[in-house]
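Trainee: Need coordinates for the below:
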Amino acid sequence: MEHAFPCGNVALDFVGSLKARRNAAPIEKLGAPSSLDSWFRESGVTHNDPGSTPADLQAAVTLREAIYSLVAARLWKTDYDDSALAIVNRAASNPPAIPTLTRDGLVVNATAEQALSTVARVAIDILSGSDADLLKECGRPECTQVYIDRSRGSRREWCAMETCGNKMKAAAYRARKRGNPPLAPARGPA
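Mentor: Numbering: from 1, shown residues only. Modelled structure (predicted):
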């Protein structure tokens, strides 16, 4: 697999396709139309390669950043940006990916525009529902992945234990062994 899906939520994992967004050199996982196609396929938004074009890639990056803007506004309790709202709502107004039941099971086909509509609709569902109150950003300073914290007592600190959680626990262990204070996660907008 070319992409990671630590959140289990299409819209939030889509936002996470720009890794370490506050670092001097963020890591872009959607660097080519073929990467966008593989993201759609690997995420389960579609089973086919939509045949994304450079224009589709630009639309995807624009949508991703608009979703992130809205999620960040929700996290930091600020007003939504009107432009970001318009971008997400415009994308969601297109037809979504089309599920089809076949003798072999479910098949989902989509154009890039339909796949982006599906992602935008999931973002709207999150931001307009009760899950919006459960949004958190990963506590590992190098990670900016946003996730829904459904843990008991809302105590989850990392987007995924397998990646960020293990790295933070190992770093804290090494810091304790050196006699350094534990690492504190970065919070707030950059």
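Trainee: can you tell me which residues contact residue 124?
Mentor: Applying Cβ atoms under 8 Å, 6 or more residues apart in numbering, we find residue 124 in contact with 88, 89, 92. No exception for glycine: its C-beta is placed from N, CA and C like everyone else's.
Trainee: Of the residues you listed, just the buried ones, ChimeraX syntax please.
Mentor: Applied in ChimeraX, the following selects the buried portion of these according to 16 or more other Cβ atoms under 10 Å:
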select :88,92
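Trainee: Out of the contacts of residue 124, which comes closest to residue 20?
Mentor: Nearest to residue 20 out of the contacts of residue 124 is residue 88 (Cβ to Cβ; 23.2 Å).
Trainee: from the contacts of residue 124, which is closest to residue 136?
Mentor: Proximity to residue 136 was ranked across the contacts of residue 124 by Cβ to Cβ; first place goes to residue 88, at 20.3 Å.
Trainee: Which residue is the nearest non-sequential neighbour of residue 113?
Mentor: Spatially, and ignoring its direct neighbours in sequence, residue 113 is nearest to residue 94 (5.2 Å; Cβ to Cβ, 6 or more residues apart in numbering).
Trainee: In terms of helices and strands, where is the one you found?
Mentor: Assigning secondary structure by DSSP states H and E places residue 94 outside every helix and strand.
Trainee: just the strands in the protein please.
Mentor: Assignment of strands within the chain using DSSP state E yields the ranges 18-19, 27-28, 98-102, 105-109, 135-137, 146-148.
Trainee: Relative to residue 26, how far out is the nearest residue to residue 116 once chain neighbours are set aside?
Mentor: The spatial neighbour of residue 116 that comes closest, neighbours along the chain excluded (Cβ to Cβ, 6+ apart), is residue 91 at 5.1 Å. When distances are taken as Cβ to Cβ, to the nearest Å, residue 91 and residue 26 turn out to be 22 Å apart.
Trainee: Between these two, point out the one with more neighbours.
Mentor: Relative neighbour count places residue 91 above the other of residue 91 and residue 26, with 23 against 12, counting by other Cβ atoms under 10 Å.
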